[in-house]
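K.L.:
With the input below, show me the fold.
(one chain, ligands or ions: 2)
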Amino acid sequence: MKRAIIKNLLQQDEFNQKVLVKGWVRNRRGSKNVAFIALNDGSCLNNIQIVVDFSKLGEEVMEGVSVGASLSVEGMLTESAGGGQKMEVVADKIEVLGVADPEKYPLQPKKHSLEFLRDIAHLRFRTNTFGAITRVRHAMIFAIHKFFNDNGFYNIHTPIITASDAEGAGEMFQVSTLDFKNPPLNEEGEIDYKQDFFGRKTNLTVSGQLEAELAALAMGQVYTFGPTFRAENSNTTRHLAEFWMIEPEVAFNDLNDNMDLAESMLKFVTQYALDNCMDDLLFLSKRLKDEEKGKKANEQSMELIEKLKSIVDNDFVRLTYTEAIDILRNSKPNKKKKFDYIIEGWGADLQSEHERYLVEKHFKKPVILIDYPAEIKAFYMKMNDDGKTVRAMDILFPGIGEIVGGSQREERLDVLQAKMKAMNIPEEEMWWFMDTRRFGSVPHSGFGLGFERLILFITGMNNIRDVIPFPRAPKQAEF
Ligand code: ATP
Ligand code: MN
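P.N.:
Ligands and ions are numbered 1, 2, ... in the order given. The predicted structure follows:
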């Protein structure tokens, strides 16, 4: 008999058929004559109930059936008499595939803290919370590819190992096969990277953008969806050392087109979650409510489903950096010196506390901030006619802060060259990038969406280490 996936089984209404199910025991309870096993196979949040009648099978069949053990069960799919579930499997045959010593198995059918689960990340997939997050994460990956595919984009794989460090100076992980203890030296006594594997110094990429630009200037609309790495030593709930980024890049798009693209994409994937992940979202909504029980009413977050709907239903606020600075300068927390970083005036880099004030307190919806001072943004962003600001856009989300960073790119060769010179970025090493501005340059735009920040938002989780299966952060690479 073929194994039935529990998710499919639970949608059935043809009872009194023989079925075979396999999975892990989430719970067991019962009496002298009968046992009830909650079996989960990861396909959905819900378990299937297995009924074991001792008068039919003998009590011995329950040997080794403890929380965490894996089972194969054959039986009759039966309409359930008890409340709580629509159906159950009345077992004919139970085989224990793998035992889980109850004395040693760390997961019990009770609430475990997220911190504890982080220490056993190899087993946390087996909890309701991480099962739900894993399924939602998958749905979001699929939705992102669907959005771009439906809109005529091509997916580009950009390199993970890169020799360009123009963007992430100092924040990159080096890739090398040289002997640490005894590296080859050049005449100046410095490490001779000519003898390294790639014949030059290489790093893990911080972004696929520069390569995506090359593709966009031939393919029109492209996107990357790959791993990115940042050696920033920031132990925050919003940063990972290894995370996944979605980076569309579109020829002929200006900043307004770029904002429209980002907003419609975020709305599409949020709607996709609402349409396809409701069971898991309802569970996560309840989890969030439980977690915030002790908080004051004005400190509690919006109910998860309601929050997701509000993203789909409302236009994002669009305003300039200069307007934002005015709002922040006159805000209560700034005047009362409640911010860690007080906004003195134009030119200040916005911290997460400022971003969250704008989104959560002032506008109460997502905000797209544009036209930032050139000094605080990357070299490739298009200079505005004012000579002071660039065509940057950051999208700020409630509870998250920055979720998207993007811009219209500087397509004018001479302006780009001058900018790179001023910022000490060696043009020669980027000759291939400069060539796009030399040959058939066009206005173009793109952005980077941090995938885990999106998942934080969709799931209502608080710590980015809980929305990626195996988080990489300073001093953390166990699993
Ligand atoms: P932040 O100011 O929050 O550190 P950033 O300005 O460094 O972000 P970008 O370089 O613009 O971010 O990267 C694009 C997007 O990638 C960000 O908007 C964010 O969603 C995500 N991102 C950036 N750094 C990280 C990180 N260390 N971990 C997870 N996601 C990140
Ligand atoms: Mn950063």
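K.L.:
Show residues contacting whichever strand or helix holds residue 289.
P.N.:
Here residue 289, judged by DSSP states H and E, is contained in helix 278-291. Contact with helix 278-291 is made by 44-46, 128-129, 131-133, 135-136, 273-274, 301, 303-305, 308, 458-462, as judged by Cβ atoms under 8 Å, 6 or more residues apart in numbering. For every residue, glycine as well, the C-beta is placed using N, CA and C.
K.L.:
Show the contacting residues for residue 77.
P.N.:
Neighbour list for residue 77: 9, 12, 14, 15, 16, 17, 18, 19, 87, 88, 89 [criterion: Cβ under 8 Å, 6+ apart].
K.L.:
quick one: stretch 408-426 to chain centroid distance?
P.N.:
In terms of Cα atoms, centre = their mean, to the nearest Å, the centre of stretch 408-426 is found 32 Å from the chain centre.
K.L.:
For that stretch, measure first residue to last.
P.N.:
One end of stretch 408-426 sits 22 Å from the other (Cα to Cα, to the nearest Å).
K.L.:
OK, contacts around residue 74?
P.N.:
Residues in contact with residue 74, defined by Cβ under 8 Å, 6+ apart, are 1, 18, 19, 20, 91, 92, 93.
K.L.:
In space, what's closest to it - neighbours in sequence excluded?
P.N.:
What sits nearest to residue 74 in space, not counting adjacent residues and going by Cβ to Cβ, 6 or more residues apart in numbering, is residue 93, at 4.4 Å.
K.L.:
Next: residue 375.
P.N.:
residue 347 (7.0 Å).
K.L.:
same deal with residue 320?
P.N.:
Nearest-residue entry for residue 320: residue 371, 4.5 Å, with adjacent residues in sequence omitted and distances by Cβ to Cβ, 6+ apart.
K.L.:
Kindly report the same for residue 130.
P.N.:
Counting by Cβ to Cβ, 6+ apart, residue 130 lies nearest to residue 124, which is 4.5 Å off, once chain neighbours are set aside.
K.L.:
Does that neighbour touch residue 133 like I think?
P.N.:
No. If you go by Cβ atoms under 8 Å, residue 124 and residue 133 don't touch, sitting 9.4 Å apart.
K.L.:
Where does residue 457 sit: helix, strand or coil?
P.N.:
Recorded secondary structure, residue 457: helix (DSSP: H, G, I helix; E, B strand; the rest coil).
K.L.:
Who are the contact partners of it?
P.N.:
Residues near residue 457 by Cβ under 8 Å, 6+ apart: 397, 399, 400, 403.
K.L.:
Just the ones in strands from the residues you listed, please.
P.N.:
Of the contacts of residue 457, the ones assigned to strands by DSSP state E are 397, 403.
K.L.:
hmm, which two among the contacts of residue 457 are most spread apart?
P.N.:
Farthest apart among the contacts of residue 457 by Cβ to Cβ are 399 and 403. That separation is 9.9 Å.
K.L.:
Give me the nearest residue to residue 217, chain neighbours excluded.
P.N.:
Once flanking residues are discounted, residue 217 sits nearest to residue 436: 4.9 Å by Cβ to Cβ, 6+ apart.
K.L.:
Find the helix or strand that the one you found is a member of.
P.N.:
Taking DSSP H and E as the criterion, the element that holds residue 436 is helix 431-438.
K.L.:
try residue 112
P.N.:
Using DSSP H and E, residue 112 falls outside every helix and strand.
K.L.:
Could you give the number of residues near it?
P.N.:
14 (other Cβ atoms under 10 Å).
K.L.:
Please report the distance of the residue nearest to it when sequence neighbours are not counted from residue 61.
P.N.:
The shortest distance from residue 112 to any non-neighbouring residue, by Cβ to Cβ, 6+ apart, is to residue 127 (7.0 Å). Plainly put, residue 127 is 27 Å away from residue 61 if you go by Cβ to Cβ, to the nearest Å.
K.L.:
At which residues are the helices of the stretch 301-450 of the chain located?
P.N.:
Ranges of helices in the stretch 301-450 of the chain, per DSSP state H, counting those that start in this stretch, are 304-313, 321-329, 332-335, 352-356, 413-422, 431-438.
K.L.:
got these as TSV, with distance to residue 148 columns?
P.N.:
Shown next, in TSV, are the helices of the stretch 301-450 of the chain (distance: least, Cβ to Cβ, whole Å):
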stretch	distance to residue 148
helix 304-313	19
helix 321-329	28
helix 332-335	39
helix 352-356	26
helix 413-422	27
helix 431-438	21
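K.L.:
picking up where we left off before, so what's the residue count around the residue nearest to residue 320?
P.N.:
By other Cβ under 10 Å, 21 other residues sit near residue 371.
K.L.:
can you pull the contacts of it?
P.N.:
Shown in contact with residue 371 (Cβ under 8 Å, 6+ apart): 320, 321, 322, 384, 389, 390, 391, 392.
K.L.:
of residue 399 and residue 403, who's got more company?
P.N.:
Taking neighbours as other Cβ under 10 Å, residue 399 and residue 403 compare with residue 403 leading, 24 against 16.
K.L.:
what separates the more buried one from ligand 1, distance-wise?
P.N.:
Applying Cβ to the nearest ligand atom, to the nearest Å, the value for residue 403 to ligand 1 is 5 Å.
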